[in-house]
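Participant: kindly generate the corresponding structure for this input.
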Amino acid sequence: STYSTYSTYSTYSRLAARSTSMCDCSHNNAQWEAMFAELEQYAIQWNNANAPLGEALGKWCQLQRKQHRNGQLERGRVQRLERLGFSWDSPSDISDPVRDVDWEEMCARFEAYRIEHGHGQVPKKYKKDPTLGGWVAATRRCRVSLGSARLSQLNALNFEWVSQRQCGSAFMTSFRELRSFWEQHGHTDVGRVLGERSALARWAQAQRRARKKNLLPPKRVAYLDGIGFEWSEQRCHK
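Facilitator: Okay, here's the model as predicted:
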């Protein structure tokens, strides 16, 4: 009968959906186990279980943090990651280099890095010590707010304020151009020197508008504050 045929088809559909779901679950479990095994090897090699972004393992680590924050990570997986020494906050994601970490300890770690490598160009994604990489980047961003005592302390350690590793993002490319302008002219009023229609002046205006609308991330604000960026158009054209 028609009903019997429909019932049989409905049952088959449910079984097929359940089978597909089981296959997907099995596949996802296999993927997770493969990435966890890779993280185990990473921890053995680098003495920490926090792979940086920029590679597949680092993106997987960020996904575990997000799922953990949202309560979506199984308890067994949480425990296994914690036993490995996994951090639920990315160690390199430092906003304030003074309050987020122990300042004196980080200065000592920077000094040790400089002695070992002969320079202070700590990569932001430093696998051996991701916290140090994040601290150096944050310190450069927040230079203007560190105070004379900390600036003197860093200068005594031969802290290198400009990274030689050039980030290729559109923001950083224009920021480096603005920083060069500031170093040459002692101010950031690009329009007065190059004209309001110059590409750099328009970019600077775009940053002001973005901040006014609360669309500019705090880290970018800190970069611009670090070179005395004038946020007020009136002050720029006085």
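
Participant: okay, CA-based contacts and neighbour counts for the rest of this
Facilitator: Fine.

Participant: can you list the weak-confidence ranges in the protein?
Facilitator: For the chain, the stretches with pLDDT under 70 are 1-27, 166-168, 233-238.

Participant: identify the residues contacting the residue most central in space within it.
Facilitator: The centroid of the chain falls nearest to Asp93 when counting by CA atoms, centre = their mean (5.2 Å). Going by CA atoms under 8 Å, 6 or more residues apart in numbering, Asp93 touches Thr131, Gly134.

Participant: quick check: it vs Gly228, distance?
Facilitator: Distance, Asp93 to Gly228, by CA to CA, to the nearest Å: 24 Å.

Participant: cool, Gly54 as well?
Facilitator: Gly54 is 30 Å from Gly228, where distance means CA to CA.

Participant: cool, Asn158 as well?
Facilitator: Separation of Asn158 from Gly228 (CA to CA) stands at 22 Å.

Participant: Gly54 and Gly228: who's more crowded?
Facilitator: Neighbours per residue, other CA atoms under 10 Å: of Gly54 and Gly228, the larger number sits with Gly228, 15 against 9.

Participant: Arg114: how many residues sit nearby?
Facilitator: Arg114 has 17 neighbouring residues, counting by other CA under 10 Å.

Participant: ok, and for the host helix or strand of it, which residues are buried?
Facilitator: Assessed by DSSP states H and E, Arg114 sits inside helix 103-117. Applying a neighbour-count criterion of 16 or more other CA atoms under 10 Å, one finds Met106, Cys107, Phe110, Glu111, Tyr113, Arg114 buried in helix 103-117.

Participant: neighbouring contacts of that helix?
Facilitator: Residues outside helix 103-117 that contact it (CA under 8 Å, 6+ apart): Pro97, His119, Gly120, Val122, Leu132, Trp135, Leu154, Leu157.

Participant: residue boundaries of the helices in the chain?
Facilitator: In the chain, helices defined by DSSP state H lie at 2-46, 56-69, 75-83, 103-117, 130-141, 148-156, 170-185, 190-194, 199-212, 218-225, 233-236, listed in chain order.
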